[in-house]
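J.: with the input below, show me the fold.
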Amino acid sequence: MEEKEKIYKIFDVNINRAREGLRVIEEYIRFYLVNEPYLKIVREIRHKISKLLDMEYFSILSFRDVEKDLGKNFIEGNRKDFYSIIISNFKRVEEAFRVLEEYSKYPNIFKHIQSSDFKKLRYLVYDLEQKICLTFFENKNFDDKKKD
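T.: Alright, predicted model coming up:
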């Protein structure tokens, strides 16, 4: 497998991871918090991903190989409350953006993608996480959550 194919596979997985995590957060904001300003932020981030990848989408998609993906059988633990669902999905998105940021630095792979674009998105997510968690989970005991 050549380098380009490996990078595209990494991109595909992490694009999906970021979008899926954002969608979980979006649904929480939409139906549980019912907070339109935060909903707009999450939707804008998801749309920015699509816009960034528009020119590369089919190239990236062409290297997807679900059958050989070693990660498809990973088992995640159960979530016990909204807090754990939201926090785990914020972390999922942040990590995915970091991976995309790093691998987009690889030379001669992408013509239309800059690592700084993913860095900006990652920091938007950091900011949103802080706002949501400190506003809506302020009564949670964060020290207890760190031990889970």
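J.: who's in contact with residue 21?
T.: Contact analysis of residue 21 by C-beta atoms under 8 Å, 6 or more residues apart in numbering lists 89-90, 92-93, 96. Bear in mind the C-beta positions are built from the backbone N, C-alpha and C, glycine included.
J.: any idea how far it is from residue 45?
T.: 10 Å (C-beta to C-beta, to the nearest Å).
J.: quick one, strands of the protein?
T.: Here the chain has no strands by DSSP state E.
J.: lowest-pLDDT helix or strand in it?
T.: helix 142-147 (a mean of 46; mean pLDDT, DSSP states H and E).
J.: remind me, longest helix of the protein?
T.: When the chain is parsed with DSSP state H, its longest helix is helix 3-28.
J.: need the residues that contact stretch 37-51.
T.: For stretch 37-51, contacts defined as C-beta under 8 Å, 6+ apart pick out 15, 18-19, 22-23, 25-26, 29-30, 117, 121, 124-125, 128, 131-132.
J.: can you list the buried residues in that stretch?
T.: Residues 38-39, 41-42, 45-46, 49 are the ones in stretch 37-51 that count as buried (16 or more other C-beta atoms under 10 Å).
J.: then stretch 100-120?
T.: Buried residues in stretch 100-120, counting neighbours by 16+ other C-beta under 10 Å, are found at 100-101, 103-104, 109-110, 113, 117-119.
J.: stretch 11-19 too?
T.: Result for stretch 11-19 [16+ other C-beta under 10 Å]: buried residues 11-15, 17-19.
J.: could you do stretch 121-138 as well?
T.: 121-122, 124-125, 128-129, 132-133, 136.
J.: quick one: these as a markdown table, columns for pLDDT and distance to residue 54 too.
T.: Output for the buried residues of stretch 121-138, formatted as a markdown table (pLDDT from 0 to 100; distance: C-beta to C-beta, whole Å):
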| residue | pLDDT | distance to residue 54 |
| --- | --- | --- |
| 121 | 97 | 15 |
| 122 | 97 | 20 |
| 124 | 97 | 19 |
| 125 | 98 | 20 |
| 128 | 96 | 23 |
| 129 | 96 | 26 |
| 132 | 92 | 28 |
| 133 | 90 | 31 |
| 136 | 78 | 33 |
